[in-house]
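A.B. asks: Fold the following.
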Amino acid sequence: MANHLTPTELAREAGLDRRDVIAKCLETGVPIFHGRIDKTLFLSSIGHSSDGAVVTAAPRGGFTTG
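C.D. replies: This next block holds a predicted model:
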């Protein structure tokens, strides 16, 4: 299984929109190198917000905290 995915592939796996994936990369500082994103780094970066709350992807592409 590939670990470096395009924003479209990563969006499909994470249940997000492609634009949300790119926006989260910019917000969290996850690099997009040659059009590919490290899946593990991306998921771990969006897994925790700055205030320590765990962030999960909601079914419709939004984010919920818990």
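
A.B. asks: Lys39 - how many residues pack around it?
C.D. replies: 17 (other Cβ atoms under 10 Å). Where C-beta positions appear, they are placed from N, C-alpha and C, glycine not excepted.

A.B. asks: And it, how far from Gly47?
C.D. replies: 12 Å (Cβ to Cβ, to the nearest Å).

A.B. asks: got it, and Arg18?
C.D. replies: For Arg18 relative to Gly47 (Cβ to Cβ), the value is 19 Å.

A.B. asks: Counting neighbours, go ahead and name the busier of those two.
C.D. replies: Arg18 (14 against 11).

A.B. asks: quick one: that one and Leu5 touch, right?
C.D. replies: No - at 11.2 Å, Arg18 does not count as touching Leu5 under the criterion of Cβ atoms under 8 Å.

A.B. asks: Might one say that Ser45 is in contact with Val30?
C.D. replies: Yes - using Cβ under 8 Å, Ser45 is in contact with Val30, at 5.1 Å.

A.B. asks: Now for the two: what residues contact both?
C.D. replies: With contacts taken as Cβ atoms under 8 Å, 6 or more residues apart in numbering, Ser45 and Val30 have Lys24 as neighbours in common.

A.B. asks: Give me the more crowded residue out of the two.
C.D. replies: Val30 (19 against 16).

A.B. asks: where's that one, which helix or strand?
C.D. replies: Assigned by DSSP states H and E, Val30 belongs to neither a helix nor a strand.

A.B. asks: what's the pLDDT at it?
C.D. replies: Listed pLDDT for Val30 reads 96.

A.B. asks: same thing with Thr64?
C.D. replies: In this model, Thr64 carries a pLDDT of 53.

A.B. asks: What residues sit buried inside stretch 18-33?
C.D. replies: Asp20, Val21, Ile22, Lys24, Cys25, Val30, Ile32 (16 or more other Cβ atoms under 10 Å).
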